[in-house]
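*Asks:* using only what follows, build the 3D model:
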Amino acid sequence: MANLSEDVNHTTIQAVFCTNASYGIQLHVFIIVLNILLAVTAFTSNVLILIALHKCLVRPPTKLLFRCLSSTDLCVGLILQPLYVTYLIHSQSPNICHLLGILTSIAGGIFCGVSLTTLTAISVDRLLALLLVMKFKEVVTLGRVRFLVAIFWGFCGTSTVLFVVSFYVAVGLVSIIMLLCLMTSAFCYTKIYIAFNKHQKQLRRNIPLGNSDKPEGATLLNTPQYKKTVSFSLWLQMALMMCFLPFAIVAALYAFIGLRSPLLDFAWHVALSIVMFNSSLNPILYFWKIQSVREAVKDTMKKLTCCHSP
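*Replies:* Below you'll find the model as predicted:
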């Protein structure tokens, strides 16, 4: 009886992971080629960004969060996408497909989960910098951020065990966590925007602010470095929402409604590919929005070109 239960569970997992590309072989090949290209760009671009972040003029705790984000994006290109491509290639080999499907889900849960929670932490970091001002350096220390990052990796690592136990429960949990993280980030940036907008209106009206009436973060809002960091963090958040939201919708249809169709199976793979595309998109935002990173990347490219030139 126990063996029968295990067989049924195994078959159910195979039914989820291993399909016969019912949406068409051409589209299946397209997804494979797309992810190969994205894996190369994610790996190479994030290597350059990690090198460049050494010269980035940002406080160590905030820089650690940026490094954590780039590290997870690097792992997506180095580990997750090669696993995913191999899984797609062997999608019609039941035993291999089953194993690769579980490994891909675990790797995706860890790297994409850490990326999502890190971006949420960056938004909270920027809000705390505005609210705490002088106390910010005492509260948000490098040691505490290291501990927080360790919690992110530990939580995402242990929670991926659910993919082995129950795929649909795991996908449902992922959808809920994604929603909570996106709501937290939206709240933080809304608070920052309200404070910034209020401060700008006061400046336009030329209202003098005495020490007693001056908002606690007014001085910080005038700091170019803070504005640039908030702007960059907000761009990262918008990119994440654009890439993760389609997956959240498809995952909800799978987990809570139980829909299955060739079109939805194709949408599932497209949504996963868009999530992993975020790891190639983030380095572009680093290069575009942070001047010190941009200059460091250019210097690194020049050195590499000089080394390989005859």
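*Asks:* switch to C-alpha atoms for all contacts and neighbour counts from now on
*Replies:* Noted.
*Asks:* in the protein, which spans are strands?
*Replies:* Taking DSSP state E, the chain contains no strands at all.
*Asks:* list the contacts of Leu272.
*Replies:* Residues near Leu272 by CA atoms under 8 Å, 6 or more residues apart in numbering: Phe247.
*Asks:* CA atoms only for stretch 90-107, dumped as PDB, please.
*Replies:* Output in PDB follows, covering the C-alpha atoms of stretch 90-107 (Å, rounded to 0.1, in the frame of the first residue of the first chain):
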ATOM      1  CA  HIS A  90      15.200  15.700 -21.300                       C
ATOM      2  CA  SER A  91      11.500  16.600 -20.800                       C
ATOM      3  CA  GLN A  92      10.500  13.300 -22.500                       C
ATOM      4  CA  SER A  93      12.800  11.100 -20.400                       C
ATOM      5  CA  PRO A  94      10.700  10.300 -17.300                       C
ATOM      6  CA  ASN A  95      13.300   9.400 -14.700                       C
ATOM      7  CA  ILE A  96      15.900  12.000 -15.800                       C
ATOM      8  CA  CYS A  97      13.200  14.700 -16.300                       C
ATOM      9  CA  HIS A  98      11.800  14.000 -12.800                       C
ATOM     10  CA  LEU A  99      15.200  14.500 -11.100                       C
ATOM     11  CA  LEU A 100      16.100  17.500 -13.200                       C
ATOM     12  CA  GLY A 101      12.700  19.100 -12.600                       C
ATOM     13  CA  ILE A 102      13.100  18.800  -8.800                       C
ATOM     14  CA  LEU A 103      16.700  20.200  -8.900                       C
ATOM     15  CA  THR A 104      15.600  23.100 -11.100                       C
ATOM     16  CA  SER A 105      12.800  23.900  -8.800                       C
ATOM     17  CA  ILE A 106      15.100  23.800  -5.700                       C
ATOM     18  CA  ALA A 107      17.700  26.000  -7.400                       C
END
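*Asks:* go through that stretch and flag the buried ones.
*Replies:* Neighbour-count burial for stretch 90-107 flags 90-91, 94, 97-98, 100-107 (criterion: 16 or more other CA atoms under 10 Å).
*Asks:* among the residues you listed, name the least confidently predicted one.
*Replies:* Within these, the minimum per-residue pLDDT falls on Pro94 (75).
*Asks:* ok, the spatially most central residue of the chain to Met178 distance?
*Replies:* Centroid check for the chain by CA atoms, centre = their mean gives Ser115 as the closest residue, at 3.4 Å. Note on Ser115: its distance to Met178, by CA to CA, to the nearest Å, is 11 Å.
*Asks:* centre of the chain to stretch 120-130, how far?
*Replies:* Relative to the chain's own centre, stretch 120-130 is displaced by 16 Å; criterion: CA atoms, centre = their mean, to the nearest Å.
*Asks:* ok, back up a step: OK, contacts around the residue nearest to the centre of the chain?
*Replies:* Going by CA under 8 Å, 6+ apart, Ser115 touches 68-69, 72-73.
*Asks:* OK, contacts around the closest residue to Ala107 other than its chain neighbours?
*Replies:* Once flanking residues are discounted, Ala107 sits nearest to Leu80: 5.8 Å by CA to CA, 6 or more residues apart in numbering. Residues in contact with Leu80 (CA under 8 Å, 6+ apart) are 104, 107-108, 111.
*Asks:* check those residues against Lys228 and report the nearest one.
*Replies:* Set against Lys228, the nearest of these by CA to CA is Phe111 (26.4 Å).
*Asks:* pull the number of nearby residues for the closest residue to the closest one other than its chain neighbours.
*Replies:* Take Phe111 and drop its neighbours on the chain: the residue closest to it by CA to CA, 6+ apart is Thr72, 5.3 Å away. Neighbour count for Thr72, taken as other CA atoms under 10 Å: 23.
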